[in-house]
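A.B. asks: kindly return the folded structure for what I paste below:
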Amino acid sequence: LTHSTAEVRQDEAAISDRDDERERSHFELFTIADLDPMNLTRGWAEASCGFSCSYYQWLTLRWINVGRPPHGVSFTAGGRTRPAKLFRVCEGCGKLDKDIGVNNPQEHRAWCAYRNQYEEHARPIALTHTLRTQGLVLRLPQSITFADDFSMPSLSAAIQLGLRELIGGAPDHLAIVSVKAPAPDGDGTSDALLLHDLVPGGTGYLTDWVIPERLHSLLESAWRIVHDCSCQLEGRLACHRCLLPFAAPSQVSFVSRATAERHLAAMLRVDPDHPTPDITRWALTDDMNVDSVGNTESVLEHHFRHTLLARLRTMGAAIQETPGTFGNTASITLPGSSRRWTLRPQVYIDRTRPDFVLESSDTNVPWVLIYTDGWLYHASPAHNRLADDATKRAGLRDQGYVVLSVTSADVDQAEAAHPIQPILNADLVGQAMQQPLLQASPKAYRLLGLNPIDWLAEWITTPDRENLQKAARAVPLAFVAGSPPVPIGPNEPRELAAARVLRGATGPTIVDSNRQVIVWQQGRLAASIEFLGDRIAIGLVLDDAPDSLGAVNADAWREWLKLSNAMALRDWPTAVTTCSLVESGAIQEMFVKAAPASPAIGLSPEWAGLESSSASEQELALLRRLDKAGVKMQPVLGEEGPQGIPLDLSWSTAKVAVCVDELPQDDRNDLVQDGWLVLDADSETLIADLARAGVN
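C.D. replies: Residues are numbered from 1 along each chain as shown. Below is the predicted model of the structure:
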């Protein structure tokens, strides 16, 4: 096939009385850039955050139209895979074939040799368009682009916004597209934004923007607009004042002001303590082989979130994502379930900030606080945060939160669907089931030690707290057999026995003969088990001495986290700690009473009076959130504002209102004109916005 033509029938294309507009068809379009290193004129990289800028004097762009997106058929080009079935045309006359398996004479030219034959002679083709021009490539770190459908459209619109601000108008001879750019060392590809000239051969206009100072000014201009745009207070993704004028029609729902602000701040290295972009913060280098992964912790967060949501989608979950200051919030609903789950990123709770908080609309279900831990930034000789992690998380468990830790190995294991052996084998489960206080469902015992992503999927399906709690009580039984008793002194914490074994220290000078502590050890990890009547106490201790840390001991750290996850719902004496905390006397044992209060039930004594009012469940949930966040100034419920506008929660002295239910836009505008700050209850930045407004 060397030539193809198109025809338009007037009766099919004309506007009729049935529709006001012509029917528009959507086609899948691939954009592929041929980036030849021989044509690279200048390039540089920002080493600290992992993005780079390259100017190509010549490059070839190809647009490949592969037809409409069907179900079950995919097409791969340029490193991307999308649903497409190509165009099926007659190989004799080139006319489009619409009915597969049937040779219709109407689908041929009058002179086509195959017009009246019984069998079809159709061939699948793609339509291409090629342009050779000049371009500027911004290769983005994986921490920005991985598993975030909002990142590329939002940054693309932001760069066009910056161009408009700096040159006083939108240049009609420039366009920006998302492409896969090869790594400079030739090993793999990464997502990139290509700003290219639409004029064949180019105009030379882009040579200015490869200068670091000029590009920094462009990004800074865009950042300032999205940072200050008033649509952030209007509950909108973006607006006509910032990004919407530059959004492609098919990407309007994926262009977010908050996403653009977050990623531009990362690229500009905006310091929260000095929130003014400064080019001196850039670590510029001519070595283009910077690690495009960027911040490893951030990538792990994205990887975990992507894997968990993908798992839930396979279970039929309906998921809606909303961009925010710290990332996307996911609202999750499983088929046939009345519960609505919310996965929020970076929520401040009690002087710590978990990477994610999983919250249910059922207030009887406790919050799950999720930490994505990378070995390098938590348990390596360069960054030893083990004691701090143990202290903060023990405090959260003591308040009734469910705390889970997720490592990179956990995410890889969940993606590969490798089976995991439960902590308690069948014999130990049978032994535990003989005791009334340990009688739990078989499923609860199977979940002990399960991969945290698999565990979360089961928890979202059925948050069976009672059975999981009983099964967690039995975890110490896995370490009793074959473990020797160790002497312990009077009034000494049982964890001290495990710490002495790990350190090779001598025992106490005075031994308490009425106590028996069993110590299990595996490498640099140990557990102290003590039977207290019909209960079993355990202290899980990790050696965090500098000379004990290293890649060879990373397995002990991962096992420490795995066992702490298994005991997340345990309500018998439990401590997850480190040697340094035990030896310093700073051991914090988590012990929740037999009927612990859910973190989503009840308020602190200072706020208890608000709970007895006629507040709705949504208002009570908001009060608990404010109370947990440490807000001291109590709001008034149901107060009338200016012009009699009903307010859900308000602080009249500070002129701040928080809307639980949707507030009519006219009422919101009247409040704003009167000097009020109107916030939404589901805003991720609610606590920070209240603090900035003087409510703390």
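
A.B. asks: tell me how many other residues surround residue 531.
C.D. replies: 14 (other Cβ atoms under 10 Å). For glycine as for every other residue, the C-beta is placed from the backbone atoms N, C-alpha and C.

A.B. asks: now do the same for it: its pLDDT.
C.D. replies: Per-residue pLDDT puts residue 531 at 91.

A.B. asks: what of residue 594?
C.D. replies: Per-residue pLDDT puts residue 594 at 32.

A.B. asks: before we move on, what about residue 629?
C.D. replies: The model reports residue 629 with a pLDDT of 75.

A.B. asks: how far does stretch 274-288 stretch from start to finish?
C.D. replies: Criterion Cα to Cα, to the nearest Å; first-to-last residue distance in stretch 274-288 is 28 Å.

A.B. asks: meant to ask about stretch 33-43
C.D. replies: End-to-end distance for stretch 33-43, by Cα to Cα: 17 Å.

A.B. asks: give me the contact list for that stretch.
C.D. replies: Stretch 33-43 is contacted by residues 52-62, 78, 135, 137, 177, 179, 181-182, 184, 194, 207, 210, 286, 288 when judged by Cβ atoms under 8 Å, 6 or more residues apart in numbering.

A.B. asks: buried residues of that stretch, list them for me.
C.D. replies: Residues 33, 35, 39-40, 43 are the ones in stretch 33-43 that count as buried (16 or more other Cβ atoms under 10 Å).

A.B. asks: okay, those residues in a markdown table with distance to residue 215 next?
C.D. replies: Shown next, in a markdown table, are the buried residues of stretch 33-43 (distance: Cβ to Cβ, whole Å):
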| residue | distance to residue 215 |
| --- | --- |
| 33 | 19 |
| 35 | 18 |
| 39 | 20 |
| 40 | 16 |
| 43 | 12 |
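
A.B. asks: tell me how many other residues crowd residue 98.
C.D. replies: For residue 98, the count of nearby residues is 10 (other Cβ under 10 Å).

A.B. asks: in the stretch 151-300 of the chain, where is pLDDT below threshold?
C.D. replies: 185-187, 273, 291-297 (pLDDT under 70).

A.B. asks: wait, is residue 607 part of a strand?
C.D. replies: No - read with DSSP: H, G, I helix; E, B strand; the rest coil, residue 607 is helix and lies in no strand.

A.B. asks: distance check, it against residue 34.
C.D. replies: Per Cβ to Cβ, to the nearest Å, residue 607 is found 63 Å from residue 34.

A.B. asks: quick one: low-confidence parts of the protein?
C.D. replies: Ranges of the chain meeting pLDDT under 70: 1-23, 71-72, 185-187, 273, 291-297, 551-552, 586-606, 608-615, 617.

A.B. asks: in it, where's the longest strand?
C.D. replies: For the chain, the strand that runs over the most residues, judged by DSSP state E, is strand 51-65.

A.B. asks: please list only the buried members of the contacts of stretch 33-43.
C.D. replies: Listed as buried from the contacts of stretch 33-43 are 52-61, 135, 137, 177, 179, 181-182, 184, 194, 207, 210, 288; burial here means 16+ other Cβ under 10 Å.

A.B. asks: nearest residue to residue 347 in space, please, no chain neighbours.
C.D. replies: residue 357 (4.4 Å; Cβ to Cβ, 6 or more residues apart in numbering).

A.B. asks: quick one: contacts for the one you found?
C.D. replies: So residue 357 contacts 343-344, 347, 349, 367-370 (Cβ under 8 Å, 6+ apart).

A.B. asks: farthest-apart pair in the residues you listed, please.
C.D. replies: 343 and 349 (14.7 Å; Cβ to Cβ).

A.B. asks: which one of the two is surrounded by more residues?
C.D. replies: Using other Cβ under 10 Å, the more surrounded residue of residue 343 and residue 349 is residue 343, with 24 against 21.

A.B. asks: how about the strands in the stretch 301-450 of the chain?
C.D. replies: Secondary structure of the stretch 301-450 of the chain (DSSP state E, counting those that start in this stretch): strands located at 318-323, 328-333, 341-345, 356-360, 368-372, 402-406.

A.B. asks: in CSV: those, plus distance to residue 99.
C.D. replies: Conversion of the strands of the stretch 301-450 of the chain to CSV gives the following (distance: least, Cβ to Cβ, whole Å):
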stretch, distance to residue 99
strand 318-323, 34
strand 328-333, 39
strand 341-345, 45
strand 356-360, 49
strand 368-372, 51
strand 402-406, 51
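
A.B. asks: residue 199: which of those strands is closest?
C.D. replies: The nearest among the strands of the stretch 301-450 of the chain, by Cβ to Cβ, is strand 318-323 at 34.5 Å.

A.B. asks: how far away is residue 133 from residue 201?
C.D. replies: Distance, residue 133 to residue 201, by Cβ to Cβ: 6 Å.

A.B. asks: between those two, who's got more neighbours?
C.D. replies: Legend: neighbour count by other Cβ under 10 Å for residue 133 and residue 201, higher for residue 133 (21 against 11).

A.B. asks: confirm that the more buried one lies within a helix, as I assumed.
C.D. replies: No - applying three-state DSSP, one finds residue 133 to be strand, outside a helix.
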